[in-house]
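K.L.:
sequence and predicted structure below; questions after.
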Amino acid sequence: MKRIRKLLALLCAGVLISSTVAVQAQEETENGWIMDESGEYYYLENGKVCTGWFQDMEDDGNWYYLKETEPGLGQMQKGWIVDETGWKTYFLDSNGRMLSGQWINAGEDNELGRPAGMYYLTDDGAVQMNGWAESITPGIFWFLRAGDGWFDKDNPACWSTDSSLVPEKGLDKESTEAMLPLLAGIMECRPEDTGSIEYYPDDPEYVWTALRISIGDYENGENRLEENIDGQWYFGVPSDLVEEYAAGMFADMESLPQPLENEAWMRYDAQRDCYFFADGDSGDVKPVVTGSRKIADGEYLLDIALTNYAEDEVYITGTVRIVENTHFSDGREPRFPYSVKEVVN
């Protein structure tokens, strides 16, 4: 594993960490893995501890889960975990790497309290909770129980040689994670508050509201500006970034609609070519992809849910169809590899 294995007491990187205090940047910014005096690992990015899922591109793109054990302190996990959404189960090896696309045998005393036996980790790493999967023996297929994904090896009905029972593989984890900012705007933008997912790509007010939610929730990097305009705080982003979000949220959109002139919550600055949106707060409400399946080359169905982490509550669920993002013909790589084509239900 390509890691920075340093005892922080040495202070050679100018970073302090312990199990009871947050990481503090000292004289210089640190990027990479660090280890505290008890042998626990953390990852720093620009001097700040990462939390949640983290993909280490210097370690062949492997995924790690950094659990927030204290505010702002993400500790690398191992073994079986249920992520913060409460929807998905994963297995992390002894080095913390997420395993995927393989079977794993859970012992009697597994951390999840589930029956001992075989479980299948899909391409996005999550345990397959239902349906058929090819077993460890090619040409033999096992059925996984709904709800926990357990394979009942003693039940003949859970064995088959019929390959047509196995669905096409779903979307990989990297692409799934990339869709979350787009799904946030679509799922949270409910003009009628109907309790179901609304999708109106031809309605300028809907488009701008959805963009405001997605960008406001997820775009916190160097592209984001913060300004106080007439006593109201706004965040601003360059127009080309807004176009990237729009391309991912609306597969059939040819160009951005005109800015809403009579809405105080958005403004366009032509001199800087930036869009400004009034600050909002979505709290703990976030989208979750609960499942995916391929329906054609470059097309997938995503089962999604809008959840409140703090209250452990699901607001709405539904399914969207996504297709490859082909918006940009100028040779640039799109920020989002897939675009939302339609809401199926």
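P.N.:
Received, thanks. Numbering: from 1, shown residues only.
K.L.:
can you list the residue ranges for helices in this protein?
P.N.:
With DSSP state H, the ranges of helices along the chain come out as 173-188, 204-218, 239-249.
K.L.:
tell me the angle the shortest one makes with helix 204-218.
P.N.:
Right, helix 239-249. Calculated by axes from the mean of the first three to the mean of the last three Cα atoms, to 10 degrees, helix 239-249 forms an angle of 100 degrees with helix 204-218.
K.L.:
mind giving me the packing neighbours of helix 239-249?
P.N.:
helix 173-188, helix 204-218, strand 274-278, strand 338-343 (3 or more Cβ pairs under 8 Å, 6 or more residues apart in numbering; DSSP states H and E). C-beta here means a position set from N, CA and C on the backbone, and glycine is covered the same way.
K.L.:
now tabulate the helices of the chain in TSV and tack on mean neighbour count.
P.N.:
Output for the helices of the chain, formatted as TSV (neighbours: other Cβ atoms under 10 Å):
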stretch	mean neighbour count
helix 173-188	22
helix 204-218	21
helix 239-249	20
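K.L.:
closest to residue 145 out of those?
P.N.:
helix 173-188 (23.0 Å; Cβ to Cβ).
K.L.:
restrict the closest one to CA atoms and write it as PDB.
P.N.:
Extracted as PDB, the C-alpha positions of helix 173-188 are listed here (Å, rounded to 0.1, in the frame of the first residue of the first chain):
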ATOM      1  CA  LYS A 173     -18.900   2.500  -7.500                       C
ATOM      2  CA  GLU A 174     -16.900   5.500  -8.900                       C
ATOM      3  CA  SER A 175     -19.700   6.200 -11.400                       C
ATOM      4  CA  THR A 176     -22.400   5.700  -8.800                       C
ATOM      5  CA  GLU A 177     -20.700   8.200  -6.400                       C
ATOM      6  CA  ALA A 178     -20.400  10.700  -9.300                       C
ATOM      7  CA  MET A 179     -24.200  10.600  -9.800                       C
ATOM      8  CA  LEU A 180     -25.000  11.700  -6.200                       C
ATOM      9  CA  PRO A 181     -24.700  15.500  -6.700                       C
ATOM     10  CA  LEU A 182     -27.000  15.300  -9.700                       C
ATOM     11  CA  LEU A 183     -29.600  13.100  -8.000                       C
ATOM     12  CA  ALA A 184     -29.600  15.500  -5.000                       C
ATOM     13  CA  GLY A 185     -31.100  18.400  -7.100                       C
ATOM     14  CA  ILE A 186     -33.500  16.200  -8.900                       C
ATOM     15  CA  MET A 187     -34.800  14.400  -5.800                       C
ATOM     16  CA  GLU A 188     -35.000  17.500  -3.500                       C
END
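K.L.:
I appreciate the help and will end here.
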